[in-house]
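S.K.: Provide a 3D model corresponding to the input given below.
(one chain, ligands or ions: 4)
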Amino acid sequence: REPYVVSGKGHTAVAINAAAKAGEWIKSRQGQVKDLGTKTSAQDLVTEVDKGVEQMIRRLVLTHYPDHTFLGEESVEPGAAAAAAALEEARENEYMWIVDPVDGTTNFVHGFPFYCVSIALVVRGEITVGVIYDPTRDEMFVAEKGKGAYMHGIPTAVSGETNLSDSLIAMGFPPDREFAQPVNMAGLQSILPQVRGVRAGGSAALHLAYVAAGRVDGYWEVGLNPWDCAAGVLLVLESGGKVSDTLGRPYDIGTRHIVASNGKIHEGLVSSLTSADATGYKL
Ligand code: IPD
Ligand code: CA
Ligand code: CA
Ligand code: CA
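M.R.: Numbers count the residues shown, from 1 in each chain. Ligands and ions are numbered 1, 2, ... in the order given. I've put the predicted structure just below:
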């Protein structure tokens with residue numbers, strides 16, 4: 001494997017270094033959470049590790065780029081409205097870092113080894129760098145706008161699957177049960193009979209990285225935030241895949257209801273969600 005800890009300057013190197021350091025810290029604390037709290041609901045967890053890791057990434061990034069804006073999950077008030085407002089404010093800066101210090105906090109708390117660090121850089125509204133690090137498997141996914149996507153120096157590529165019936169699809173259950181549960185149930189009911197299997201691993205960012213790496217053929221989830229998606233979206237696009245909202249419209253940093261795929265089964269996923277009224281939008 002190529003080494004991934006790079007020293008020196010450059011946005012991507014800074015992101016990779018921060019993700020590697022963060023991942024090491026998170027892994028060392030699995031099973032040792034001291035301060036478990038909740039946010040919007042009893043299912044929406046936060047720990048001292050989420051907060052501490054975010055502060056560390058912020059410091060590492062802003063040391064190199066003091067003029068950039070930093071949007072991290074744990075520095076935003078919980079809830080969709082606050083997330084939208086924080087994004088609007090952060091967008092005023094040309095350079096915006098969007099960070100999820102631990103994506104998959106519930107997994108982390110339970111010792112289910114499927115969580116990651118997600119770091120994206122958005123320049124004038126365009127995602128230019130996306131880094132996702134899975135410390136359990138020591139897998140560093142890196143994408144640069146226009147330059148492709150890699151894992152430890154090896155290019156990642158989406159799958160070539162063209163049939164929905166032979167596809168493995170990932171999905172997610174956001175903590176906002178009231179809003180998401182009926183939508184998710186409708187989506188699952190519509191998609192499950194049409195595909196080979198459905199997986200819900202509990203990390204949106206890692207699922208996007210898995211679409212990029214061809215480990216699943218598609219993924220959908222409603223009710224996400226920019227820090228769940230930004231890095232993973234670039235990984236999927238630079239690996240030859242497609243990302244849209246659940247109605248098939250182009251992805252934007254503010255998109256909350258997302259479909260990502262190898263491109264070939266995209267239309268099938270979108271129309272399945274639409275016909276089941278499972279897009280998350282009031283149709
Ligand atoms: C969550 C995870 C989960 C997804 C939720 C996210 P967090 O992020 O990505 O898989 O279903 O929608 O909120 O809170 O663990 O960073
Ligand atoms: Ca969270
Ligand atoms: Ca997240
Ligand atoms: Ca998180």
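S.K.: ranges for the helices of the stretch 51-200 of the chain?
M.R.: Listed in chain order, the helices of the stretch 51-200 of the chain (DSSP state H, counting those that start in this stretch) span 80-90, 105-110, 177-191.
S.K.: List the buried residues in the first one.
M.R.: Spelled out, that is helix 80-90. With burial defined by 16 or more other C-beta atoms under 10 Å, the residues of helix 80-90 counted as buried are 83, 86-87, 90. (Each C-beta comes from the backbone N, C-alpha and C, glycine too.)
S.K.: rewinding a little: nearest to ligand 3, out of the helices of the stretch 51-200 of the chain?
M.R.: helix 105-110 (7.4 Å; C-beta to the ion).
S.K.: buried sites along the closest one?
M.R.: Of all the residues in helix 105-110, those buried under the rule 16+ other C-beta under 10 Å are 105-109.
S.K.: Quick one: mean pLDDT for it?
M.R.: Mean pLDDT, helix 105-110: 96.
S.K.: what's in contact with that helix?
M.R.: Contact with helix 105-110 is made by 26, 30, 33, 36, 43, 45-47, 49-50, 102, 112-115, 201-203, as judged by C-beta atoms under 8 Å, 6 or more residues apart in numbering.
S.K.: Among the residues you listed, name the ones in strands.
M.R.: Using DSSP state E, 36, 45-47, 102 are the members of the contacts of helix 105-110 that sit in strands.
S.K.: any chance of the residues you listed in CSV, with pLDDT and distance to residue 78 too?
M.R.: Output for the ones in strands among the contacts of helix 105-110, formatted as CSV (pLDDT from 0 to 100; distance: C-beta to C-beta, whole Å):
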residue, pLDDT, distance to residue 78
36, 95, 15
45, 95, 11
46, 95, 9
47, 96, 14
102, 98, 15
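S.K.: quick one on the thing from earlier: out of the buried residues of helix 105-110, which comes closest to ligand 1?
M.R.: Distance to ligand 1, by C-beta to the nearest ligand atom, is smallest for residue 105 among the buried residues of helix 105-110, at 3.8 Å.
S.K.: gap between the closest one and residue 207?
M.R.: Distance from residue 105 to residue 207, counting by C-beta to C-beta, to the nearest Å: 15 Å.
S.K.: repeat for residue 222
M.R.: As judged by C-beta to C-beta, residue 222 and residue 207 stand 13 Å apart.
S.K.: out of these two, which sits in the more crowded spot?
M.R.: Set side by side, residue 222 and residue 207 show more neighbours around residue 207, with 30 against 25, by other C-beta atoms under 10 Å.
S.K.: hang on, that one packs against residue 168?
M.R.: No. Here residue 207 does not reach residue 168: they are 11.1 Å apart, not a contact under C-beta atoms under 8 Å.
S.K.: overlap in contacts of these two?
M.R.: Common neighbours of residue 207 and residue 168, counting by C-beta under 8 Å, 6+ apart, are residue 216.
S.K.: Get me the contact residues on this protein for ligand 3.
M.R.: 100, 103, 228 (C-beta under 5 Å from the ion).
S.K.: check those residues against ligand 4, which are close?
M.R.: Residues of the residues of the chain next to ligand 3 in contact with ligand 4 (C-beta under 5 Å from the ion): residue 100.
S.K.: Now do stretch 192-200: distance to the chain's middle.
M.R.: Relative to the chain's own centre, stretch 192-200 is displaced by 20 Å; criterion: C-alpha atoms, centre = their mean, to the nearest Å.
S.K.: So which bits of it are buried?
M.R.: Using 16+ other C-beta under 10 Å as the burial criterion, the residues of stretch 192-200 that qualify are 194-195, 198.
S.K.: Adding distance to residue 255 and pLDDT, write those residues out as JSON lines.
M.R.: Output for those, formatted as JSON lines (distance: C-beta to C-beta, whole Å; pLDDT from 0 to 100):
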{"residue": "194", "distance to residue 255": "24", "pLDDT": "98"}
{"residue": "195", "distance to residue 255": "23", "pLDDT": "98"}
{"residue": "198", "distance to residue 255": "21", "pLDDT": "98"}
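S.K.: how's the chain carved up into domains?
M.R.: What automatic domain parsing lists as the domains of the chain is 11-155, 164-275.
S.K.: Between the two ends of the last one, how far is it?
M.R.: Between the opening and closing residues of domain 164-275 lies a distance of 16 Å (C-alpha to C-alpha, to the nearest Å).
S.K.: cool, the first one as well?
M.R.: Between the opening and closing residues of domain 11-155 we find a distance of 19 Å, counting by C-alpha to C-alpha.
S.K.: Need the winner for burial among the domains of the chain.
M.R.: domain 164-275 (a mean of 21; mean count of other C-beta atoms under 10 Å).
S.K.: Many thanks, I have nothing further to ask.
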